[in-house]
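# the following block contains a protein sequence and its predicted model.
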Amino acid sequence: MSSDTREDGVLEYFTLAIRARAASYRDKAAQLREMGEPEPIRSLRYKLLDLSRHFEELANRSARSGASPKFGNRRESSDP
């Protein structure tokens, strides 16, 4: 197995894991939103909806970090 093939496999694994994590966060956000929207107690409703927004943000951050299969977030240093 070549080094490139192995690296591609590892990158694919991490990309899939990041996508799965983002999907899990989105599911949790939806559950919290479903609980919060009809909640009659205002303080509890706000807390549930706030948690939902936090999980949605986690999902968005996870999705952005895994957007590039080559992990384009890394910056090459231009220093010698």
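Now that the structure is in, tell me what you want to look at. Numbering: from 1, shown residues only.

# measure the residue nearest the centre of the chain to residue 28 for me?
Residue closest to the average C-alpha location in the chain (C-alpha atoms, centre = their mean): residue 62, at 2.5 Å. Applying C-beta to C-beta, to the nearest Å, the value for residue 62 to residue 28 is 12 Å. Quick note: C-beta positions are derived from backbone N, CA and C, even for glycine.

# relative to residue 28, how far out is residue 22?
Per C-beta to C-beta, residue 22 is found 11 Å from residue 28.

# for residue 61, same thing?
Taking C-beta to C-beta, one finds residue 61 at 14 Å from residue 28.

# give me the mean pLDDT for stretch 54-73.
The pLDDT scores in stretch 54-73 average 77.

# how about the residue nearest to the centre of the chain, what does it touch?
Listed by C-beta atoms under 8 Å, 6 or more residues apart in numbering, the contact set of residue 62 reads 18-19, 21-22, 25.

# secondary structure element for it?
Secondary structure from DSSP states H and E places residue 62 in helix 42-65.

# off-centre distance for that helix?
In this view, helix 42-65 has its centroid 11 Å away from the chain centroid, taken as C-alpha atoms, centre = their mean, to the nearest Å.

# buried residues, it. List them.
Going by neighbour count (16 or more other C-beta atoms under 10 Å), the buried part of helix 42-65 is 48-49, 51-52, 55-56, 58-59, 62-63.

# buried residues in the host helix or strand of residue 6?
If you go by DSSP H and E, residue 6 is part of helix 3-36. Using 16+ other C-beta under 10 Å as the test for burial, helix 3-36 gives 15, 18, 21-22, 25-26, 28-29, 32-33, 36.

# TSV for those residues, including distance to residue 9?
Formatted as TSV, the buried residues of helix 3-36 follow (distance: C-beta to C-beta, whole Å):
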residue	distance to residue 9
15	11
18	15
21	19
22	21
25	25
26	26
28	29
29	31
32	35
33	36
36	41
